[in-house]
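S.K.: below: sequence and its predicted model.
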Amino acid sequence: MTGEFVAAIDQGTTSSRCIVFDRAGAVVSVAQREHRQHFPQPGWVEHDAEEIWANVQQVVREALAAAGIGPDGLAAVGITNQRETTVVWDRATGRPVANAIVWQDTRTGPLLRELAEAYDEERLRARTGLTLATYFAGPKLRWLLDHVDGLRERAERGEVLFGTIDSWLIWKLTGRHVTDVTNASRTMLMDLETLDWDPELLDAMRVPAAMLPEIRCSAEVYGTADGVLAGVPVASALGDQQAALFGQTCFQPGEAKCTYGTGSFLLLNTGASPVTSRHGLLTTVAYRIAGQPAVYALEGAIAVTGSLVQWLRDNLGLISTAPQIEELARTVDDNGGCYVVPAFSGLFAPYWRSDARGVIAGLTGYITKGHLARAVLEASGWQTREVIDAMNADSDVTLHRLRVDGGMTANALLMQFLADVLDVPVVRPRITETTSLGAAYAAGLAVGFWPDLTTLREHWRADAQWTPQMDPALRDRELRNWRKAVQRTLDWVE
């Protein structure tokens, strides 16, 4: 093995990044580039996969240049990606047949009713760990097959390929058509027990098997890259939230993390057996290292957290930069009785209501933009609290602390509010780029750059911790008010 560094390609909902790490897991260099968001109709969200690929190549070049190395300085590269976002491309030309349908997109709502009739939802949950929701990749793929002229016939002939963003990037880098178990578990097409595509589900979804990638482990060498990373082993793929769990070194059952980005995602390691949720959570594959059994997780997915701050900035113009929300929120002592429930694309965990739409509740003449800013931040805290309550109800392990990461963790007011409403300590690691770090760790393990999980655990260091300070009576009263506001969002879309 050559190379003294490992790189991670972090392909997210709003941008693509490349981060180079050293043996201590420290960041050596970072490059980032945003891509466009396409909204062709209300509820539709698309990305240009070719633009994403061009940006990935650019950030790789920039990160390597900033680190002062070429591809030969890397022992491996790992990939982490926005999950569920669905790409179909031509096998011969490598060109997408349409824009990628993004995980936030809700166009498949009507299709879900048809799927519910074709395949019992409880049986689907037991088989896949997922609920019938617009979130997942399988229905998005079905929509493309139904609406792009001639696509189904081409798919049946094997002329086009399907993948989530990890598959798209691995294909562009190596020419191999593969995915990993974490991304496959988000399609609604994989059996959680067999870790393979399920023929019954493919039939129910009317998806031709010929277009599906091979399902592989999260940490293993898939192939050797060409082009901008010529000669470098592509050695890991993890959905972004599983990568963050891995980067936070939550390797033991009962350990949990929450990533605060565009949305927020709380994952609890449940060990070698999947735990079926009865309280609105998802069961998903946490990771699988080559030669070892899969590790599973319970997940609470929150659609809108960081993007709510962006909405306050871009749509309402109340702040000019995202970090300014903390300063604005600190101009008041509380929310003034105002609550923002950001059901922009329905509600995810634990409700799973695609008919919901966002509300601002409790408005009076007293409310200022400071109260509104505070309510926007508090929405992330209350949504996390509802997920934690569901997690505690589903699992035998009560959460005693929460590891957090993502851009919103720089907001100390939000972190303190989280500790207050969860009534547990909230801990931020020294390296907050845990999604990229998880992909790098998995790739490094696959090529022997790091020997084992124990070595990775030794790298983890806390940077800051917040402990609960809120009066319990106030917490309970505010939670009741939040839940009343949530009820106002329901049954909006007929």
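M.R.: Noted; the coordinates are in hand.

S.K.: can you list the low-confidence ranges for the stretch 351-494 of the chain?
M.R.: Counting by pLDDT under 70, the stretch 351-494 of the chain has low-confidence residues at 397.

S.K.: helices along that one, start to end?
M.R.: Here the stretch 351-494 of the chain has its helices, by DSSP state H, counting those that start in this stretch, at 369-394, 412-422, 434-447, 453-459, 472-487.

S.K.: most packed of these?
M.R.: helix 434-447 (a mean of 30; mean count of other Cβ atoms under 10 Å). Just so you know, the C-beta spots here come from the backbone N, C-alpha and C atoms, and that holds for glycine as well.

S.K.: run the chain-centre distance for it.
M.R.: Averaging C-alpha positions (Cα atoms, centre = their mean, to the nearest Å) puts helix 434-447 16 Å from its chain's average.

S.K.: looking at this structure, which helix or strand is least sure?
M.R.: The helix or strand of the chain with the poorest confidence is helix 109-118; it has a mean of 84 (mean pLDDT, DSSP states H and E).

S.K.: enumerate the positions of the helix or strand following it that are buried.
M.R.: Per DSSP states H and E, the first helix or strand lying C-terminal to helix 109-118 is helix 121-128. Residues of helix 121-128 classed as buried: 124-125, 127-128 (neighbour count, 16 or more other Cβ atoms under 10 Å).

S.K.: can you check stretch 204-213 too?
M.R.: 204-205, 207-208, 211-213.

S.K.: got the phi/psi numbers for Phe265?
M.R.: phi -140, psi 120 (degrees, to the nearest 10).

S.K.: count the residues that sit near it.
M.R.: For Phe265, the neighbour count with other Cβ atoms under 10 Å is 29.

S.K.: and Arg288, by the same measure?
M.R.: 24.

S.K.: the nearest residue to it once chain neighbours are set aside: what's it in contact with?
M.R.: In space, and not counting its chain neighbours, Arg288 is closest to Ala294: 4.2 Å by Cβ to Cβ, 6 or more residues apart in numbering. Counting by Cβ atoms under 8 Å, 6 or more residues apart in numbering, Ala294 makes contact with 181, 195, 272, 285-288.

S.K.: what of Trp492?
M.R.: 355-357.

S.K.: measure it to Val359 for me?
M.R.: 9 Å (Cβ to Cβ, to the nearest Å).

S.K.: again with Ala230
M.R.: For Ala230, the distance to Val359 - Cβ to Cβ - is 52 Å.

S.K.: picking up where we left off before, buried residues in the least confident helix or strand of the chain?
M.R.: 109, 111-112, 115.

S.K.: and what of stretch 272-287?
M.R.: 274-275, 277, 279-287.

S.K.: tell me which of the residues you listed fall in helices.
M.R.: Taking DSSP state H, every one of these sits outside helices.

S.K.: now render those as CSV, adding distance to Val376 and pLDDT.
M.R.: Output for the buried residues of stretch 272-287, formatted as CSV (distance: Cβ to Cβ, whole Å; pLDDT from 0 to 100):
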residue, distance to Val376, pLDDT
Pro274, 35, 89
Val275, 33, 87
Ser277, 28, 85
His279, 26, 88
Gly280, 23, 85
Leu281, 25, 90
Leu282, 25, 89
Thr283, 31, 92
Thr284, 28, 92
Val285, 33, 95
Ala286, 30, 96
Tyr287, 33, 97
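
S.K.: show me what stretch 57-72 is in contact with.
M.R.: Stretch 57-72 is contacted by residues 2-3, 5, 7, 9, 16-20, 28-33, 73-74, 225, 227-232 when judged by Cβ under 8 Å, 6+ apart.

S.K.: and what of stretch 101-116?
M.R.: Residues from elsewhere that reach stretch 101-116, judged by Cβ under 8 Å, 6+ apart: 13, 37, 41, 43-47, 82-86, 132-135, 137, 139-140, 142-144, 204-205, 263, 303, 345-346, 354.

S.K.: for ChimeraX, what selects the buried ones among the residues you listed?
M.R.: Applying 16+ other Cβ under 10 Å to the contacts of stretch 101-116, the buried members can be selected in ChimeraX as follows:
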select :13,43,45,46,47,82,83,84,85,86,132,133,134,135,137,139,140,142,143,144,204,205,263,303,345,346,354
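
S.K.: among the contacts of stretch 101-116, which are in strands?
M.R.: 46-47, 86 (DSSP state E).

S.K.: which residues of the stretch 101-250 of the chain fall in strands?
M.R.: 160-164, 178-180, 190-191, 196-197, 214-216, 219-224, 233-239 (DSSP state E, counting those that start in this stretch).

S.K.: which one of the buried residues of helix 109-118 is nearest Ala98?
M.R.: Of all the buried residues of helix 109-118, Ala98 sits closest to Leu111, with 16.3 Å by Cβ to Cβ.

S.K.: and the gap between the closest one and Leu282?
M.R.: Computed with Cβ to Cβ, the distance linking Leu111 and Leu282 is 19 Å.

S.K.: so how far is Trp103 from the closest residue to Asn99 other than its chain neighbours?
M.R.: The shortest distance from Asn99 to any non-neighbouring residue, by Cβ to Cβ, 6+ apart, is to Glu46 (3.8 Å). Computed as Cβ to Cβ, the Glu46 to Trp103 distance reads 11 Å.

S.K.: do Ser380 as well
M.R.: For Ser380 relative to Trp103 (Cβ to Cβ), the value is 18 Å.

S.K.: also Pro42?
M.R.: Going from Pro42 to Trp103 by Cβ to Cβ gives 17 Å.

S.K.: picking up where we left off before, keep only those of the buried residues of stretch 272-287 that are in strands.
M.R.: Checking the buried residues of stretch 272-287 against DSSP E, those in strands are 282-287.

S.K.: as CSV, the residues you listed with distance to Thr164 would be great.
M.R.: Formatted as CSV, these follow (distance: Cβ to Cβ, whole Å):
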residue, distance to Thr164
Leu282, 16
Thr283, 18
Thr284, 13
Val285, 13
Ala286, 17
Tyr287, 16
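
S.K.: looking at the residues you listed, spot the one nearest Phe449.
M.R.: Closest to Phe449, out of all of those and judged by Cβ to Cβ, is Tyr287, at 16.8 Å.

S.K.: for the closest one, give me its contacts.
M.R.: 181-182, 218-219, 238, 242, 245-246, 294-295, 442.

S.K.: I'd like the distance between the nearest residue to it once chain neighbours are set aside and Ala294.
M.R.: Sequence neighbours aside, Ser218 is the residue nearest to Tyr287 in space, at 4.5 Å (criterion: Cβ to Cβ, 6+ apart). Noted for Ser218: a distance of 9 Å to Ala294, by Cβ to Cβ.

S.K.: what's the overlap in contacts for those two?
M.R.: With Cβ under 8 Å, 6+ apart as the test, Ser218 and Ala294 both reach 181, 287-288.

S.K.: from the centre of this protein, give me the residue that's furthest out.
M.R.: Gly365 (38.0 Å; Cα atoms, centre = their mean).

S.K.: re earlier: just the closest of the contacts of Ala294 to Val340, please.
M.R.: Ala286 (31.3 Å).
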